[in-house]
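> model the following, please.
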Amino acid sequence: MKDFIPFLICAGSILVGPFLSSFISNRKIRFTSAVLTMLVGVTLYVLAWFFPHLLMPPPSKGIVYLDFSANFVLVGGAIFFICSFAINAYVRERVQRERLVAKLDYLSKHDDLTELYNRRFVIQYLENIVWHSRERYYMFMFTIDDLKALGDSFGHVVADRIVCNVAHALWETVNEGVGECGARYGEETFLFIMAADSDVDAFMRADAFREKISGFIWNNTPDVRISISGGIVPCRDENEFDRERLLKKVDALLDGFKSRGKNQVRIFMDVG
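Numbers count the residues shown, from 1 in each chain. A predicted model of the protein is given here:
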């Protein structure tokens with residue numbers, strides 16, 4: 001029976017290694033670990049077959065204790081290193097997966113050029129946040145005047161830089177602590193969901209933002225002059241809150257600028 005002990009130990013090592021390797025989620029690392037552990041086990045098995053006394057010398061009390069101690073140390077060490085390797089591989093893959101999910105979640109909510117929120121997110125924001133306290137919110141939609149003409153005259157790089165600077169100014173103006181939100185709604189169109197105490201307060205904030213944009217100084221392109229035009233719609237005016245109707249109202253204000261001039265802010269009650 002003692003002669004079979006080395007073979008049992010080697011057979012166990014052949015099975016334990018691939019079993020522990022199966023917990024590794026990365027396919028390439030899992031396969032490599034399983035193959036290496038099987039090769040080690042098979043090598044020990046062959047040595048035990050041809051040279052059994054190398055693994056199981058003539059028994060004596062001291063040798064038996066030494067043999068068991070060595071086996072415990074080797075098996076324990078092997079299990080420890082294999083498990084540590086598997087856990088580390090799992091943790092690394094989990095961290096990479098969480099980073100990927102976080103990146104995809106960020107990209108699904110933000111505009112890739114300006115890093116403001118995108119149209120999809122702001123529509124969900126209207127439904128999930130503004131709906132619950134719509135009496136204190138206003139929608140300020142504005143567009144950069146003649147952006148296409150500026151792009152044709154100075155190049156698309158300058159046009160993109162104008163969009164990014166306007167977006168940065170909007171980001172600085174938005175107060176997320178009180179539930180405000182800024183988003184890029186279209187190519188040159190932005191949506192600012194602002195919290196204000198009154199129509200006058202909302203108009204003053206929007207007009208101050210318009211003046212801020214008009215005061216931009218473009219160091220690299222001093223000939224560029226930009227302005228914005230926008231419309232304000234109070235969210236409370238809807239008896240039944242419908243974000244589509246609100247967006248159509250504020251969009252109608254922008255259409256009115258084509259015949260009434262630019263570089264201005266209007267509120268919905270002014271439309272007539």
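> just checking: what are the partner strands of the helix or strand containing Thr143?
Thr143 is located in strand 137-144, with elements delineated by DSSP states H and E. When pairing is defined by DSSP bridges, strand 137-144 lines up against strand 189-195 (antiparallel), strand 228-234 (antiparallel).
> mean confidence for the first one?
So that's strand 189-195. Confidence over strand 189-195 (mean pLDDT, whole number) is 92.
> mind saving the C-alpha coords of that strand as PDB?
The C-alpha coordinates for strand 189-195 follow below in PDB (Å, rounded to 0.1, in the frame of the first residue of the first chain):
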ATOM      1  CA  THR A 189     -27.900  74.100 -29.300                       C
ATOM      2  CA  PHE A 190     -27.700  73.800 -25.500                       C
ATOM      3  CA  LEU A 191     -30.300  73.300 -22.800                       C
ATOM      4  CA  PHE A 192     -30.000  74.800 -19.400                       C
ATOM      5  CA  ILE A 193     -32.500  73.500 -16.800                       C
ATOM      6  CA  MET A 194     -32.300  76.200 -14.200                       C
ATOM      7  CA  ALA A 195     -33.900  76.700 -10.800                       C
END
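> give the buried residues for it.
189-195 (16 or more other C-beta atoms under 10 Å). Quick note: C-beta positions are derived from backbone N, CA and C, even for glycine.
> any regions of the stretch 51-200 of the chain where pLDDT drops low?
Counting by pLDDT under 70, the stretch 51-200 of the chain contains low-confidence ranges at 51-68, 71.
> need the strands paired with strand 137-144 in CSV (columns: distance to Ile144).
As requested, the strands paired with strand 137-144 are arranged in CSV below (distance: least, C-beta to C-beta, whole Å):
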stretch, distance to Ile144
strand 189-195, 8
strand 228-234, 6
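> tell me which of the ones you listed sits nearest to Ile162.
For the strands paired with strand 137-144, the distance to Ile162 is smallest for strand 228-234, at 10.5 Å, taking C-beta to C-beta.
> return the closest one as CSV; C-alpha atoms alone will do.
Output for strand 228-234, consisting of C-alpha atoms alone and laid out as CSV, is shown next (Å, rounded to 0.1, in the frame of the first residue of the first chain):
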residue,chain,number,x,y,z
ILE,A,228,-26.2,83.3,-28.4
SER,A,229,-29.9,83.5,-28.6
GLY,A,230,-32.3,81.6,-26.4
GLY,A,231,-35.8,81.1,-25.1
ILE,A,232,-37.1,80.4,-21.6
VAL,A,233,-40.1,78.2,-20.8
PRO,A,234,-41.3,77.8,-17.2
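> about what we covered before: which helices and strands does the helix or strand that the strand holding Thr143 is followed by pack with?
Moving toward the C-terminus from strand 137-144, the first helix or strand encountered (DSSP H and E) is helix 147-154. Taking 3 or more C-beta pairs under 8 Å, 6 or more residues apart in numbering; DSSP states H and E as contact, the helices and strands that helix 147-154 lies on are helix 156-173.
> now the angle from the helix it packs on to helix 147-154?
Helix 156-173 and helix 147-154 meet at an angle of 130 degrees, taking axes from the mean of the first three to the mean of the last three C-alpha atoms, to 10 degrees as the criterion.
> quick one: residues in contact with the helix or strand just after helix 156-173.
Elements were assigned by DSSP H and E; along the chain past helix 156-173, the next helix or strand is strand 181-184. Strand 181-184 is contacted by residues 111, 113-114, 116-119, 121-122, 125, 129, 163, 167, 170-171, 173-174, 190-193 when judged by C-beta atoms under 8 Å, 6 or more residues apart in numbering.
> who's in contact with Glu115?
Residues counted as contacts of Glu115 (C-beta under 8 Å, 6+ apart) are Ala167.
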